[in-house]
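1. Mind looking at a prediction? Sequence and model below.
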Amino acid sequence: MKTVNILVVGVGGQGVVAASDIISDMALARGFDVKKSEIHGMSQRGGAVSSFVRYGEHIASPLPYKNDMDFIISFEEMEALRWSDHVNEGTKIIVNTLKIKPASLAISKLEYPDVKALLKGAHVYYLDGTGEAKKTGNEKVVNSFMIGAMCAFNDFTADDFNAALTKRVKKYTEENMAAFNKGKEMVKNYVLS
Amino acid sequence: MKQRTLMSGDEAIARGAYEAGIYAGFGYPGTPSTEILENFAQYKGIYAEWSINEKVALEAATGASLGGVRTMVTMKHVGLNVALDAYMTLAYTGINGGLVVVCADDPGMHSSQNEQDNRYIGKFSYTPVIEPSDSREAKDFIKDAVEISEKFDLPVLYRITTRIAHSKSVVEIDTDFKAEFPKKKLDVPWEKYVMMPLNAKKKRVQLVDKYQKMKAFVETTKLNTEELLSDDMGFITSGDVYQYVKEVFPGKSILKLGMLNPLPIQKIKAFASKVKKLYVVEELEPYIEDILKAEGIKLEGKSIFPLIDELTPDIIRDSFNKATGVPLRHPTSDVRHTVVPSRPPSLCADCGHRGVFKVLSELGLTVAGDIGCYTLGALPPFSALHTCIDMGAAINHAYGIEKAGEPSDKVVAVIGDSTFMHSGITGIANMVYNGGNTLTIILDNRTTAMTGRQPHAAAGKTLMGKETNNINLEKLLEGLGVTKVAVIDPFESKKLRELVVEYLAQNGVRVIIARRECALLK
């Protein structure tokens, strides 16, 4: 099989690294070789965070070629744009439409970009993951929603997700599962606007 | 039971240390090395601690080794500068129980102040350097490192990089494994460990002799592996870069070096003779390249691959194609449509440091700074920090500025509590001794925040979670002979400002402790 390359991005504190850990564990449980790579350190202080996950028969480099990305999963709207040089014709881009304004706007005099106008096409999915997560009563399950959205395209099941999730998170399993299924469903029913 | 699991390089090193019978681990937090000791501390039957600084850690580890147990020391690359005094002469004396110094370089300076290449420290000190290329090797090679340390009676430098430390890959572990921790007798023959010239001169001769034996050993060690797949080109590489080379040049011959000092010159010459064209791909300095060129081996390295920043598959592929005229297989497209506003890390919204930097910014002072979250005080909106070079430097920078004739009421030093315990105390002592008039502000958030909130000597807990003696900063400063010490909550803006203004106008060594628990601890 072809190696699958996933880039999960967002803002420090959103759970980007936790999400990439769960995706990695799902792939590992399926018997794949898996590597993931990210930079820790200053992420807790509101910086941009990114994590690469690769799985397949044999993975050498933990870092994929930039434009070999199969998925970009962005937990924040503008962050998807930051990584758009990693996009190829086939890259599925799943964007949580949450906007977190960076403090730098005040100094740089830049506007928060109009992401939807700049990043569009049949391969881009804008979803209100945070809104859907709030409906379950726990905003933090947006993680599971985003993973679910990705799983609309590959064959990881709700059971695969449940196993990987409960290995790491003991609480809010019901809410997380609901969010996962909702994410998957919303991508399957996605209508390009 | 055998279990496949995903581990970061740091986690794998901790596991490897446990399996190799390493009983004691000492270190100081520093990205990307911090998680090694944090994970090691979870194993049963071991001892682990955050030492005051890297020098103390290595010296304590030396003592533990003399006491007969296998030991590990962990630190980031610049930490080894702090410990180097201890390391260089430890190479002369040698060890009793195996001693491994795990040191994490940070190519690309993701969270560091420089990009130094510590492979040179091995050559500089005549000690073995070992480098793993993924988490499985990070675990397995620790055992080799301990064995090599005991075989040659030397400390071993275990070099990793950020991409090894923080990347995860598959490791197989035996969940039923029970570690054994061998303990030799305390053994301190004075002629081995008292490095007065009389003994040191002999040990120097022995060290060079050991190096000759290491040169023979390295030709046959399984840490270096040859993959002979084609004869048109061959690559010599190591560490994370090996994985990138596998990705970029599938089907090409590779000599992967797991032991970086000394280099297996005969093995490399044999490899070179089997390929038409030889390349060395290494991150940072031309360490391997220069040694091989001096041996008369024809190769290309830094003429193609960059010296600066970490390497990636993209960079290796594009540099190679550019240099050799090979058409780009996957031209890197840049479809970024617009300038995306940056999202630099910033002090947390409810961080106590903000209160201090607000005041310093308003007063327009020259601020000598240090290493920690508060280095971010250099950025807007505060722009109130003007130096950050190395751990513990702030106090001495401010003091030196005063000695250059600058008015001491326009300069202040800021230093975090953990950094102060690491190497700030000596700066205060120096000022008391030599008569400094510089104001120091200790930004006391009760933790080592930047690296992930590790406890320290003035924060009441050990790495293993035990409540412990809490060094009282106020009493410590008074004991050193500091003229005036004040403690204040940095969120009391008006009071803090008045206090800073009042203290700036005075003479003698004054210290303000701006104390507020790190927002992330709540």
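-> Thanks, I have it.

2. For the most centrally placed residue in chain A, give me its contacts.
-> Nearest to the mean C-alpha position of chain A, counting by C-alpha atoms, centre = their mean, stands A:Ile73 at 2.9 Å. Going by C-beta atoms under 8 Å, 6 or more residues apart in numbering or on different chains, A:Ile73 touches A:Ile6, A:Leu7, A:Val8, A:Val9, A:Ala19, A:Ile94, A:Met146, A:Ile147, A:Ala149, A:Met150. All C-beta spots, glycine's among them, are computed from the backbone N, C-alpha and C.

3. Kindly report the same for B:His456.
-> Contacts for B:His456 (C-beta under 8 Å, 6+ apart) come out as B:Trp50, B:Ile52, B:Asp417, B:Ser418, B:Met421, B:His422, B:Thr447, B:Thr448.

4. Flag the shaky bits of chain A, pLDDT-wise.
-> Residue ranges of chain A with pLDDT under 70: A:40-45, A:192-193.

5. circling back: the residue nearest to the centre of chain A: what secondary structure?
-> Look at A:Ile73: counting by DSSP: H, G, I helix; E, B strand; the rest coil, its state is strand.

6. what about the closest residue to B:Lys461 other than its chain neighbours, neighbour count?
-> Of all residues not flanking B:Lys461 in the chain, B:Pro455 sits nearest, at 3.9 Å (C-beta to C-beta, 6 or more residues apart in numbering or on different chains). Residue crowding around B:Pro455 was assessed by other C-beta atoms under 10 Å in any protein chain shown; the count is 20.

7. So B:Glu226: helix, strand or coil?
-> The three-state label given to B:Glu226 by three-state DSSP is strand.

8. what helix or strand is the closest residue to it other than its chain neighbours on?
-> Nearest-residue entry for B:Glu226: B:Leu255, 5.1 Å, with adjacent residues in sequence omitted and distances by C-beta to C-beta, 6+ apart. Using DSSP states H and E, B:Leu255 maps to strand B:253-256.

9. helices or strands up against the following helix or strand past that strand?
-> Using DSSP H and E, the helix or strand that directly follows strand B:253-256 along the chain is strand B:259-261. Taking 3 or more C-beta pairs under 8 Å, 6 or more residues apart in numbering or on different chains; DSSP states H and E as contact, the helices and strands that strand B:259-261 lies on are helix B:119-125, strand B:129-130.

10. Run me through the strand neighbours of the last one, direction for each.
-> Based on DSSP bridges, the pairing partners of strand B:129-130 within the sheet are strand B:156-161 (parallel), strand B:259-261 (antiparallel).

11. downstream neighbour of the shortest one in the secondary structure list?
-> Later in the chain than strand B:259-261, the nearest helix or strand by DSSP H and E is helix B:265-274.

12. For that following helix, give the mean pLDDT please.
-> Helix B:265-274 shows an average pLDDT of 98 in the prediction.

13. any idea which helix or strand comes after that helix?
-> Using DSSP H and E, the helix or strand that follows helix B:265-274 towards the C-terminus is strand B:277-280.

14. so what secondary structure elements neighbour that following strand?
-> Packing contacts for strand B:277-280, counted by 3+ C-beta pairs under 8 Å, 6+ apart, involve strand B:233-237, helix B:287-294.

15. Any idea which of the ones you listed gets closest to chain A?
-> Closest approach to chain A among those is made by strand B:233-237 (11.8 Å; C-beta to the nearest C-beta).

16. tell me what that closest one is packed against?
-> When contacts are defined as 3+ C-beta pairs under 8 Å, 6+ apart, strand B:233-237 sits against strand B:253-256, helix B:265-274, strand B:277-280.

17. got JSON lines for those, with distance to B:Tyr433 too?
-> Formatted as JSON lines, the entries for these read as follows, by distance: least, C-beta to C-beta, whole Å:
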{"stretch": "strand B:253-256", "distance to B:Tyr433": "52"}
{"stretch": "helix B:265-274", "distance to B:Tyr433": "51"}
{"stretch": "strand B:277-280", "distance to B:Tyr433": "50"}
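
18. Let me have these in a markdown table, extended by mean neighbour count.
-> Listed next are the helices and strands packed on strand B:233-237 as a markdown table, based on neighbours: other C-beta atoms under 10 Å in any protein chain shown:
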| stretch | mean neighbour count |
| --- | --- |
| strand B:253-256 | 23 |
| helix B:265-274 | 16 |
| strand B:277-280 | 22 |
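
19. what about A:Val17, which helix or strand?
-> A:Val17 is part of helix A:16-29, with elements assigned from DSSP H and E.

20. Let me fix that, I meant to ask about A:Tyr126.
-> A:Tyr126 belongs to strand A:124-127 when elements are defined using DSSP H and E.

21. Give me the sheet partners of that strand and which way each runs.
-> Pairing partners of strand A:124-127, with direction, according to DSSP bridges: strand A:92-96 (parallel).

22. how far out from the middle of the chain is the next helix or strand after the strand it pairs with?
-> Using DSSP H and E, the helix or strand that follows strand A:92-96 towards the C-terminus is helix A:105-108. Once both centres are worked out by C-alpha atoms, centre = their mean, to the nearest Å, helix A:105-108 turns out to sit 27 Å from its chain's centre.

23. what's helix A:105-108 packed up against?
-> Packed on helix A:105-108, when contacts are counted by 3+ C-beta pairs under 8 Å, 6+ apart, is no other helix or strand.

24. after that helix, next one along is what?
-> Secondary structure here is assigned by DSSP H and E; on that basis, the next helix or strand after helix A:105-108 toward the C-terminus is helix A:115-118.

25. Can you mark which positions in that next one are buried?
-> For helix A:115-118, the neighbour count (16 or more other C-beta atoms under 10 Å in any protein chain shown) marks A:Val115 as buried.

26. With stretch B:39-57 instead?
-> B:39-41, B:43, B:46-57.

27. Stretch A:85-93 now?
-> If you call a residue buried by 16+ other C-beta under 10 Å, then stretch A:85-93 has these buried ones: A:His86, A:Val87, A:Thr91, A:Lys92, A:Ile93.

28. From those residues, pick the one nearest B:Gly21.
-> Of all the buried residues of stretch A:85-93, the one with the least separation from B:Gly21 (C-beta to C-beta) is A:His86, at 43.8 Å.

29. measure the closest one to A:Ile72 for me?
-> The spacing between A:His86 and A:Ile72, counted by C-beta to C-beta, to the nearest Å, is 6 Å.

30. cool, and B:Met195?
-> Between B:Met195 and A:Ile72 the distance is 57 Å, computed by C-beta to C-beta.

31. Of those two, which one has the most company?
-> Ranked by neighbour count (other C-beta under 10 Å), B:Met195 and A:Ile72 place A:Ile72 first, with 26 against 15.

32. partners of the more buried one in the sheet?
-> Judged by DSSP bridges, the bridge partners of A:Ile72 are A:Leu7, A:Ile93.

33. Now for it: which residues touch it?
-> Taking C-beta under 8 Å, 6+ apart, we find A:Ile72 in contact with A:Ile6, A:Leu7, A:Val9, A:Ala80, A:Trp83, A:His86, A:Val87, A:Thr91, A:Lys92, A:Ile93, A:Ile94.

34. cool, B:Ser112 as well?
-> Taking C-beta under 8 Å, 6+ apart as the definition, contacts of B:Ser112 comprise B:Thr31, B:Lys76, B:His77, B:Val78, B:Asp106.

35. Out of the residues you listed, the closest to chain A would be?
-> Here the nearest of the contacts of B:Ser112 to chain A, counting by C-beta to the nearest C-beta, is B:Thr31; it sits at 4.3 Å.

36. what's the burial count for the closest one?
-> 22.

37. which one is B:Tyr242 nearest to, not counting chain neighbours?
-> Nearest non-adjacent residue to B:Tyr242 (C-beta to C-beta, 6+ apart): B:Ser133, at 4.4 Å.

38. can you confirm the one you found is in a strand?
-> No. The secondary structure assignment for B:Ser133 gives coil rather than a strand, going by three-state DSSP.

39. Report pLDDT for it.
-> B:Ser133 is assigned a predicted lDDT (pLDDT) of 98.
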